[in-house]
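**Student:** I'll drop the sequence and a predicted model, then ask my questions.
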Amino acid sequence: MTKASDDSVRDAALELIQDNVTKVVLLSAAVTIGTGGYSDANTELGTGSGKKLGEVTVDSSDFTLGDDDTDGRKLTLSAQAVGILQDGDATHAAWLDVANTKVLHLLDLGATATVATSEVTRTLNAHSLSIRDTTAVS
């Protein structure tokens, strides 16, 4: 059974993210995707259930849409200088849609990075979200 879709299908999903993410945050732990985790992601650690250690404002020009390295399409966020707001161990980064109060993407950093307010900023390396090509599943 053959299944395929045009790149424009994957691009539409990735462009929704590109057009709506206006803040990237460093977090002390994972949060829920969507509106459920937004408050935790956008509230500083030490305030209620907040997990935010740092933040940076972004816009669509900080993202690049293109072919994935394997197949499909990817959206890459360029490296960002994240302003550090709280001391702590950063384990995740989240892409936030502030206007619609949603977490659109959550990234496990793979290794804990201890951050301190004395640093002022911490570089978050460029990273991507990929949507693979359609495959047949039986």
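**Tutor:** Sure, I can see it.
**Student:** Which residues are in contact with the most centrally placed residue in the chain?
**Tutor:** For the chain, the residue nearest the mean C-alpha position is residue 95 (3.3 Å; CA atoms, centre = their mean). The contact partners of residue 95, by CB atoms under 8 Å, 6 or more residues apart in numbering, come to 17, 21, 23, 24, 77, 103, 104, 105, 106, 107. The C-beta positions use only the backbone N, C-alpha and C, and glycine is treated the same way.
**Student:** So what touches the longest strand along the chain?
**Tutor:** Identified as the longest strand of the chain according to DSSP state E is strand 102-115. Strand 102-115 is contacted by residues 17, 20-21, 26, 30-35, 37-38, 41, 53-54, 84, 86-97, 122, 127, 129 when judged by CB under 8 Å, 6+ apart.
**Student:** Please save the CA atoms from that strand in PDB.
**Tutor:** Presented in PDB, the C-alpha positions along strand 102-115 are these (Å, rounded to 0.1, in the frame of the first residue of the first chain):
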ATOM      1  CA  LYS A 102       0.300  27.100  24.600                       C
ATOM      2  CA  VAL A 103       3.500  25.100  24.700                       C
ATOM      3  CA  LEU A 104       4.000  24.100  21.000                       C
ATOM      4  CA  HIS A 105       7.200  22.100  21.300                       C
ATOM      5  CA  LEU A 106       9.200  20.600  24.200                       C
ATOM      6  CA  LEU A 107      12.800  19.600  23.800                       C
ATOM      7  CA  ASP A 108      14.700  17.400  26.200                       C
ATOM      8  CA  LEU A 109      18.200  18.900  26.400                       C
ATOM      9  CA  GLY A 110      19.700  15.500  26.800                       C
ATOM     10  CA  ALA A 111      22.000  16.600  29.600                       C
ATOM     11  CA  THR A 112      21.400  18.800  32.600                       C
ATOM     12  CA  ALA A 113      22.900  22.300  32.300                       C
ATOM     13  CA  THR A 114      23.300  24.100  35.600                       C
ATOM     14  CA  VAL A 115      22.600  27.800  35.100                       C
END
